[in-house]
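>>> What follows is a predicted structure for the sequence shown.
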Amino acid sequence: MATAPPSTYSAVTLNINGEKHTLTVDHRTTLLDALRERLDMTGTKKGCDQGQCGACTVLLDKRRAVACLQLAVAAEGREITTIEGVAEGDRLHPVQQAFLDLDGYQCGYCTPGQICSAVAVIEEHAAGWPSAATDDVRPEAGPPPLTAEEIRERMSGNLCRCGAYVSIVQAVARAAEADARAAQDAPDTQGAPAAQGTEHEGAAA
Amino acid sequence: MKEFGYERAADVSGALALLDADPDARFLGGGTNLVDLMKTGVERPARLVDVRELPLDRIESTEDGGLHIGATVTNSDLAAHPDVRRRYPALTQAVLAGASGQLRNMATVGGNLLQRTRCGYFADVSKPCNKRVPGSGCPAIEGEHHNHAILGASDHCVATHPSDLGVALAAFDAVVSYETTDGPGELPLTDLYLPVGDTPHLETALPPGALITGVTLPPAPAGAVSRYRKVRERASYAFAIGSIAAALDVRDGVVHEVRLAFGAVASRPWRARAAEAALTGGPVDAAAFAAAADAELAAAEPLPHNGYKVTLMRNLVVAVLSELAEEAAR
């Protein structure tokens, strides 16, 4: 039976940084290209465009993802947070502030992806997720301390051609410490990242 | 990229019907492999049927003490699940050894099993490749093959399956469930992938149009400790050049039960049954581990530039089993 050729474009509504944007996209359009080329949100960077460098990292439903392998049409209905939406108004996110204070970059091209990734890394760690650097992954072992080795492993999806890794690790560690202190001050706000839809406000405090 | 239609499936039967209606349609999960291959022209579907939001995203204990993992569970959720970490730690370790945090958040269990080889000739549409264009040849055999197969390959294809997750699933006797328009079915993970032979383009034993709906793990071997170790060319975020999933149950000083599976050495996760047979009932020492590795690797047919993998896998077997024996003795 012959199949009618399918439509190759759709009208989609993307929820980006709390605002809805409706646009018609060719299905081939990645979320990365929709952000940069259609919505003029150029904070999200295109590096390799094949999921290997992390420059295009955004948060989908509060979890980090690479926008270059995410089709825009398939992102409809999801809560998208880009680097433009990480700060609270004029107040920088603690991860942004830590990158500034500790020079967590050189040229800056990978930085938006590094920051979005680090925001999620801190939440993943706070939720007790182990990593490939964790010796004992059993839940009874408890969450691993966020050592430099843990941070390097968890951030390994974000490449930096300038090699600013030493200060990136320091910045992530400092932001994580601030987040842990904030969570201690307000224990109710600590929760699993995105999974159960719980708000995790510690990172913004 | 070729233009394509896109539809989001609301339920499993809807997804199957959409695929059935268009022979050039493909299921889309997390997209981390398929979208990449569409960009390079390796995959050219006419239509994508998005199955990521199907209600197959749960991890549940089974009555016999095993675990059922839905096909759309993300790699991240699988690795973080307390029951997986407690009962199948090698499975969590395998998932966490693969890709990056970003990709694990996107990738699904079903998609992971159906990902394609990372052979550079397969990925390059300007090159011949028997897997991509049947009968066109295999440049890897005479060319760049330092990370290609040493077990179960053929003169037609020497590509490896890149999954880490699949290696641990093979060791734990996972069974893959699927649905088709003719009804459900299941396959042991070790039978999911077809022998390479002269048909490397035929990769799985799934019926046409089948949708993987989940993976079921029987109870882990009682009292066993398990571990996944991956060797790669940089410390993180790279495919394996060799990996191993192992579980060991020692009783009264002898091997009561052992599970071994190898990654990055064959076109599928390689369950090392010859090594398991050599070990079972025998002593728990490095000499026995090495002899078992040799029993498995006797079938290896390395190419000029990947012979190191035979030594690597032998050393991995000895090292990981020795560590597990020590852990079991604690």
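That came through, no problem.

>>> shaky segments in chain A?
A:1-3, A:187-205 (pLDDT under 70).

>>> Domain boundaries for it, per the record?
By the record's domain assignment, chain A is partitioned as A:9-85, A:94-204 (automatic domain parsing).

>>> Using TSV, please lay out these together with mean neighbour count and distance to chain B.
Just so you know, the C-beta spots here come from the backbone N, C-alpha and C atoms, and that holds for glycine as well. Listed next are the domains of chain A as TSV, based on neighbours: other C-beta atoms under 10 Å in any protein chain shown; distance: least, C-beta to the nearest C-beta, whole Å:
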stretch	mean neighbour count	distance to chain B
domain A:9-85	20	4
domain A:94-204	19	2
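
>>> Point out the one among those domains that comes closest to residue B:293.
Among the domains of chain A, domain A:94-204 comes nearest to residue B:293, with 24.0 Å by C-beta to C-beta.

>>> And that closest one, how far out from the chain middle?
Centre-to-centre, domain A:94-204 and its host chain are 10 Å apart (C-alpha atoms, centre = their mean, to the nearest Å).

>>> count of residues packed around residue B:40?
12 (other C-beta atoms under 10 Å in any protein chain shown).

>>> From chain A, how far out is it?
From residue B:40 over to chain A the distance is 8 Å, taken as C-beta to the nearest C-beta, to the nearest Å.

>>> so where does the residue of the stretch 101-250 of chain B found nearest chain A fall, helix or strand?
The nearest approach of the stretch 101-250 of chain B to chain A comes at residue B:236, 3.7 Å away (C-beta to the nearest C-beta). Using DSSP states H and E, residue B:236 falls within no helix or strand.

>>> re the thing from before, with distance to residue B:259 as extra columns, can I get the domains of chain A in JSON lines?
Converted to JSON lines, these look like this (distance: least, C-beta to C-beta, whole Å):
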{"stretch": "domain A:9-85", "distance to residue B:259": "32"}
{"stretch": "domain A:94-204", "distance to residue B:259": "18"}
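
>>> out of those domains, nearest to residue B:241?
For residue B:241, the closest of those is domain A:94-204, at 15.8 Å, according to C-beta to C-beta.

>>> contact partners of stretch B:47-56?
Outside stretch B:47-56, the residues within contact range by C-beta atoms under 8 Å, 6 or more residues apart in numbering or on different chains are A:6, A:27, A:71, A:74, B:4-9, B:11-12, B:15, B:18-19, B:22, B:24-30, B:34, B:70-73, B:108, B:110, B:211, B:213-214.

>>> Close to chain A: what parts of the stretch 51-200 of chain B are there?
Within the stretch 51-200 of chain B, the positions adjacent to chain A are B:52, B:76-77, B:79-80, B:82, B:85-86, B:89, B:92-93, B:96-97, B:99-103, B:105-106 by C-beta under 8 Å from any C-beta of the partner chain.

>>> ChimeraX command for the buried members of the residues you listed?
Buried residues within these, by 16 or more other C-beta atoms under 10 Å in any protein chain shown, are selected in ChimeraX with:
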select /B:52,76,77,79,80,85,89,92,93,96,97,99,100,101,102,103,105,106
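
>>> and the residues of the stretch 51-200 of chain B next to chain A, which of them are in helices?
B:76-77, B:79-80, B:82, B:85-86, B:89, B:92-93, B:96, B:101-103, B:105-106 (DSSP state H).

>>> what about the residue of the stretch 101-250 of chain B closest to chain A, distance to residue B:99?
Per C-beta to C-beta, to the nearest Å, residue B:236 is found 10 Å from residue B:99.
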